[in-house]
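Colleague: starting from these lines, generate the structure:
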Amino acid sequence: MTVNYHRQKLSAIALALFMATTFFTLVGTSLLVHAQAVHGNHALIGSHGMVLIYDQEEGIFASHLPLYRSPHNYQIIYKVEVSEHEMIRELLAAGMVTVLPTNFDLNKLISGEAFSVEAQFFQGHFERGGQVKNTGMISFIRPVLVKKVTKEHSQAASFYTAALSKTKVIVAHKIQHPPSFDALAFMPLPGKAAAETNNVIVCDNPKTFDVSTISKQLELCGIPAPVYIEIRDFE
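Modeller: Numbering: from 1, shown residues only. Model prediction:
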C-alpha cells in the first residue's frame, strides 16, 4: 500500500511538472511568434527615398527608389500632391527631383493608405550630390503600382502597366535578377505595339544596360521615351 501510494504521488508530481513545462513552452513560443510578427510589421519603418515624375495631364507621381535588399525591395508608384506645387514643377522641368520623406512605415504604401509626411525635395539624386531645394509636405493620395522585387531570372524584359486614366497608363520595368534596371514611362492607351498579357508588356531585353540602349529598346517595343531610368542600384 505504502509503495503504491508513493508511486502514485510521484506519477502525479511528474504529470504536473510535464503539464507546467508544456504550458510555459507553449506560452514562450506564442510570445516569440508574436514578437517576430510585431518586428516584421515594423521592419519597414525607416528612410524611403523617392523620385518624382510628372505628366502634364495626370500630375505628379512618386516612385519609391527600390533596391534588392529589404526593406527597400518594393516597386511602388503613388499619385501624390506636394506643397509648393509650382516650385516643384519648375524643379522637374530642370531635371531629376528626388524626395527624402521623414521616416515612415513602408507598409502604409504597400497597403494603399493615404497620408502626409514632411519631406526634403532635392534637385538631383539625394544620395549622389543632389541639392536640397525645398522642405515641405508630400501627400500620398492613392497607389498606382505596388510590386515586390523578386530577383527572377528571365530572357525577356517585362513591363508592368497601370492605368492612370481612361487614356493613359504608366509603364514600369519589372526589376529582375541583376543586372537589371528601373525604368518609368507614361504611355497613351491606344496603339500599343508590344505584346501584352495580364497588364504586362513583354519585350526583348536590351543587349547592354546603359541609358541609351535601354531607351532604344523601349522605343522598339512601342514604349515612349522613359521619364526615369536607374541602372547603378541593379548592377
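
Colleague: so what pairs up with the most centrally placed residue in the chain in the strands?
Modeller: Geometric centre of the chain, nearest residue: Tyr74, 2.4 Å, by Cα atoms, centre = their mean. On the basis of DSSP bridges, Tyr74 is bridged to Lys148.

Colleague: do I have it right that it meets Leu67?
Modeller: No. If you go by Cβ atoms under 8 Å, Tyr74 and Leu67 don't touch, sitting 9.3 Å apart. The C-beta positions use only the backbone N, C-alpha and C, and glycine is treated the same way.

Colleague: okay, and the common contacts of these two?
Modeller: Val149 (Cβ atoms under 8 Å, 6 or more residues apart in numbering).

Colleague: and the closest residue to Lys151 other than its chain neighbours, what are its phi and psi?
Modeller: Once flanking residues are discounted, Lys151 sits nearest to His177: 4.9 Å by Cβ to Cβ, 6 or more residues apart in numbering. Dihedral pair for His177: phi -60, psi 140, per degrees, to the nearest 10.

Colleague: ok so, going back, tell me who's in contact with the residue nearest to the centre of the chain.
Modeller: Shown in contact with Tyr74 (Cβ under 8 Å, 6+ apart): 64, 66, 106, 109-110, 146-149.

Colleague: again, 10 Å this time
Modeller: Applying Cβ atoms under 10 Å, 6 or more residues apart in numbering to Tyr74 gives the contacts 44, 48, 64, 66-67, 106-107, 109-110, 145-149.

Colleague: buried subset of the residues you listed?
Modeller: 44, 48, 64, 66-67, 106-107, 109-110, 145-147, 149 (16 or more other Cβ atoms under 10 Å).

Colleague: which one of those sits closest to Phe121?
Modeller: His48 (14.6 Å; Cβ to Cβ).

Colleague: using the three-state scheme, assign the closest one.
Modeller: Per DSSP: H, G, I helix; E, B strand; the rest coil, the local secondary structure of His48 is coil.

Colleague: how close does the residue nearest to the centre of the chain sit to Met187?
Modeller: 22 Å (Cβ to Cβ, to the nearest Å).

Colleague: what's the answer for Glu127, then?
Modeller: Relative to Met187, and taking Cβ to Cβ, Glu127 is found at 29 Å.

Colleague: any idea of the pLDDT on Met96?
Modeller: Looking at Met96, its pLDDT reads 97.
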